[in-house]
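Colleague: For reference, the sequence and a predicted model appear below.
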Amino acid sequence: MTEKVKAIAALNAGSHLDTTTITRRTLNPDDVQFDILYCGICHSDLHQMKNDFGHSVYPMVPGHEIVGKVTAVGSDVTKF
C-alpha cells in the first residue's frame, strides 16, 4: 500500500526547499519505516540539492542526519 505524505523538498536544481506531497512506497521485507521527528541538513545535502555531483533525482527530500520513531518493520527485519 502506498501512502501520500507531506515533505519539504527541492523540486529541481535551482529551487528553494518547499512543501510538497510525495508518495511513500510500499514497505519491503527488509525495510524499517519511521516517522522523522528531527532532521539536520549538511553541506553535502546542499550540493545534492543543487545537483553539483551530477546525479540528483527530484523531487529531493534532503537530510540524512535524522531522529525518528519506528512505525513499521518488514517481515525480514530482526533488529533495528
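Modeller: Done, it's in.

Colleague: Tell me where the model's unsure across this structure.
Modeller: Counting by pLDDT under 70, the chain contains low-confidence ranges at 1.

Colleague: if I pick the residue nearest to the spatial centre of it, what's in contact with it?
Modeller: Nearest to the mean C-alpha position of the chain, by C-alpha atoms, centre = their mean, lies residue 61 at 4.8 Å. For residue 61, the contact set (C-beta atoms under 8 Å, 6 or more residues apart in numbering) comprises 7, 8, 9, 22. The way it works is simple: take the backbone N, C-alpha and C, and place the C-beta from them, glycine included.

Colleague: Would you mind measuring from the closest residue to residue 59 other than its chain neighbours to residue 71?
Modeller: The spatially closest residue to residue 59, leaving aside those adjacent along the chain, is residue 9, at 4.1 Å (C-beta to C-beta, 6 or more residues apart in numbering). Distance check for residue 9 against residue 71: by C-beta to C-beta, to the nearest Å, it reads 20 Å.

Colleague: Over to residue 77?
Modeller: Residue 77 sits 13 Å away from residue 71, taking C-beta to C-beta as the criterion.

Colleague: When residue 9 and residue 71 are compared, which one has more neighbours?
Modeller: Counted by other C-beta atoms under 10 Å, residue 9 and residue 71 do not tie: residue 9 has more neighbours, with 19 against 10.

Colleague: Relative to the whole chain's centre, how far out is the host helix or strand of that one?
Modeller: Applying DSSP states H and E as the criterion places residue 9 in strand 3-9. Averaging C-alpha positions (C-alpha atoms, centre = their mean, to the nearest Å) puts strand 3-9 9 Å from its chain's average.

Colleague: buried set for stretch 39-53?
Modeller: 45, 48, 49, 51 (16 or more other C-beta atoms under 10 Å).

Colleague: Nearest to residue 28 among these?
Modeller: residue 48 (23.3 Å; C-beta to C-beta).

Colleague: contacting residues for that closest one?
Modeller: Taking C-beta under 8 Å, 6+ apart as the contact definition, residue 48 lies against 56, 60, 62.
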